[in-house]
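> Sequence first, predicted model second:
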Amino acid sequence: MTTFERDATSLRLPWPFTGRQDELELIRGSVAGGRHGIVVTGPAGRGKTRLAAEAVRGTDCERATGTPETRDLPFGAFAHLLPDTVSLHRAVQLLSGVRLLLVDDAHLLDDASAALVHQLAVHGRTRLLVVATEGTRAPGAITRLWTGELLPRLDLEPLPREETAQLLAAGAGGLEALTVNRLHRLCQGDLRLLRELVGAVREQGLLSRVPDSGEWEWRGPVPVTATVRERLADLLDRAGPGERATLDRLAFGEPLPVDADTLDLGALEVLEADGLVHIDDHGTANLAHPLHGPVLRSVAGRLRARRLARTPADRTAALETETATLARAIAETDVRAVPAPVGEWLVTEGIGIPAPHAAVRARFARLRGQLREAASWAREGLHTTPEHHACHLELALSTAQSGTQADSRTSAGTLGRPALPTAAPGTPTPCSAGAAAWWAAARGDLGAALDAVGAEPYDAVRLGAPERAAGRLTGVFAAHADALAQGDGPALDRAARALEERGFLLFAAEAYAQAAQAHRDPGAARTSRTRSVALARRCQGARTPALAGLVLGELTARQRQIVTLAAAGLTNRQIAEKLTLSVRTVGNHLYGAYTRLGASDRDALPCLVELPEAQPA
């Protein structure tokens, strides 16, 4: 007997199932008693098969899978469930006794198998979970499942950034925020590609430990693996006149105006028609997919890269424009997402960015509630200018409000220095006293935190003392302070909505949490709490006193125990085994906990459980 040995690093185990809770519950409900089933579609790599497998886990389910090898064999996908020779009528009879049937890769079914699935849907005695890949030719009997309204259709959207971060934390662990952003941007919801890139980055030693942190960062080129080459073959193999030169120009200089002297308009038309280049309404050309530019740069070679890369003067001018745009958005108290690709490109390529730009990026991210991202931008600035005060300040503020510990040099170096930026009246502006206040709040000392509030009156509102900000705020921040001072739940809801509309997600989450405490109507309180939880989980681990009002005090002891285990990632079955309960009992306790907390699913639980035991605002 021959024994084959493989390096353990080459054996990649599946990542834990993470996210997609809404879709998971929708599918489970669709294949429950009294329902006929559902069709799940989406592009390749979006996680359809894994989602379907999770939805039927623990159920009595038969499975069939279409493959290219069986596409020309009648009933080939059902060979393990049917006799060697069988008619369609007999096949329907035999499988009508199956309670639940999962049909994966239905777009690859042979015509007989597709007709069988269609007939099972028509008869309605077998609940069907059908998975098909979008963008490929599928048998007409399969597409008629949803066009003929026999079964509802769920078209999977790309995994959101927050759920991508959760997936990476569960499957890769320890990646800092800008690396998570980069992977999410490059993969565009393709989970197979995501795993491929993470594995290649690890194996090629491209991860570096972030100083004074347990996290890892990825800077520099994209590893062009065999899978990446295969997926981008149409891009890398372009041989038409001027096509590759045009692609390379865009890879190193996008966005570029279509009338630029360096672009071949004939080649550009062909590339646009083939879906490789996108032309916007302003006549600006970009590569169609975020992965295209990094891959083209990675394979360009040093001499070509040196010839095509932007000059330092070009980078400086573009970066100054981005800095001014972000600063203007902050001054206008509107921090909704603003495209700023130059700074991102410089960071991901490992070139580095000036500390002033990094400080503005960090502040913009912090005001949006993206605390881990804010800390990462601040660290980028400290790479180039280790003593830059504004970057130290932003790092201290973001880490304090996320409940994490910065190194002593950062926190100590931030305090006691003069305030830096100026902004429009009523705009939250970081200051040294503000950093001290939030470090006190992180320790749970709310009194010391309020005593430390200085030039930033809105901090007092967030810490639950609006009277200290009376007459010192304007606009939506003043509305928030007034509503909190009056204990007006509906007014707090309105202020929270206004904050959310302007991009201040953490501030909005805090206002909703305060509204939940102010409401006299239990239903309105649950609604505000639900909105607060939904926003808080988009704020990258935010832990502030206002959000501490969401702690689990409303739950019974058993619900609190089960919710804590669920928030730690245990499945219902694992919880049942650990507590010697039935799976049904665990599910009932969780459902009751969701109702009391105003949470829609278990994805919100970490935001509730991990908050520090601080005095509610």
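Sure, I can see it. Residues are numbered from 1 along each chain as shown.
> Would you map out the domains in the protein?
What automatic domain parsing lists as the domains of the chain is 21-155, 161-228, 232-308, 313-442, 457-617.
> Wait, residue 450 touches residue 466, no?
No - the criterion here is Cβ atoms under 8 Å, and residue 450 misses it with residue 466 at 11.3 Å. Glycine gets a C-beta too; all of them are placed from N, C-alpha and C.
> Need the residues touching each of these two.
residue 460 (Cβ atoms under 8 Å, 6 or more residues apart in numbering).
> Of these two, which one has the most company?
Of the pair residue 450 and residue 466, residue 466 is the one with more neighbours under other Cβ atoms under 10 Å, namely 24 against 18.
> Run through the residues that contact the more buried one.
So residue 466 contacts 460, 480, 481, 482, 484, 485 (Cβ under 8 Å, 6+ apart).
> Residue 17 sits in which helix or strand?
For residue 17, there is no helix or strand it lies in under DSSP states H and E.
> And for the closest residue to it other than its chain neighbours, the neighbour number?
The shortest distance from residue 17 to any non-neighbouring residue, by Cβ to Cβ, 6 or more residues apart in numbering, is to residue 54 (4.9 Å). Per other Cβ under 10 Å, the neighbour tally for residue 54 reads 17.
> Spit out the contact partners of residue 54.
17, 20, 24.
> Tell me if I'm right that the first one and residue 49 touch.
No - contact status for residue 17 versus residue 49: not in contact, 11.3 Å apart, counting by Cβ under 8 Å.
> picking that back up, tell me the most packed of the contacts of residue 54, by neighbour count.
residue 20 (24 neighbours).
> list the contacts for the residue nearest to the spatial centre of the chain?
Closest to where the C-alpha atoms of the chain average out (Cα atoms, centre = their mean) is residue 161, at 1.4 Å. Residue 161 makes contact with 180, 181, 184, according to Cβ under 8 Å, 6+ apart.
> what pLDDT does the second one get?
By that I understand residue 181. Residue 181 carries a pLDDT value of 94.
> Leaving aside the residues adjacent along the chain, what's closest to it?
Here the residue nearest residue 181, using Cβ to Cβ, 6+ apart, is residue 373, at 6.7 Å.
> Which element is encountered next along the chain beyond the lowest-mean-pLDDT helix or strand in the chain?
Here the helix or strand of the chain ranked lowest by mean pLDDT, DSSP states H and E is helix 408-414, holding a mean of 39. Helices and strands here follow DSSP H and E; after helix 408-414, the next one along the chain is helix 432-442.
> could you give the mean pLDDT of that next one?
Helix 432-442 comes out with an average pLDDT of 81.
> Please apply the same query to stretch 112-131.
Rounded mean pLDDT across stretch 112-131 is 95.
> quick one on the thing from earlier: just give me the neighbour total for the residue nearest to residue 181.
Neighbour number of residue 373 under other Cβ under 10 Å is 23.
> What is the helix or strand hosting it packed up against?
When elements are assigned from DSSP H and E, residue 373 belongs to helix 371-384. Counting contacts by 3 or more Cβ pairs under 8 Å, 6 or more residues apart in numbering; DSSP states H and E, helix 371-384 packs against helix 177-187, helix 355-367, helix 389-401.
> Figure out how far it is from the centre of its chain.
Relative to its chain's centre, helix 371-384 lies at 19 Å (Cα atoms, centre = their mean, to the nearest Å).
> can you pull the buried residues of it?
Residues 371-383 are the ones in helix 371-384 that count as buried (16 or more other Cβ atoms under 10 Å).
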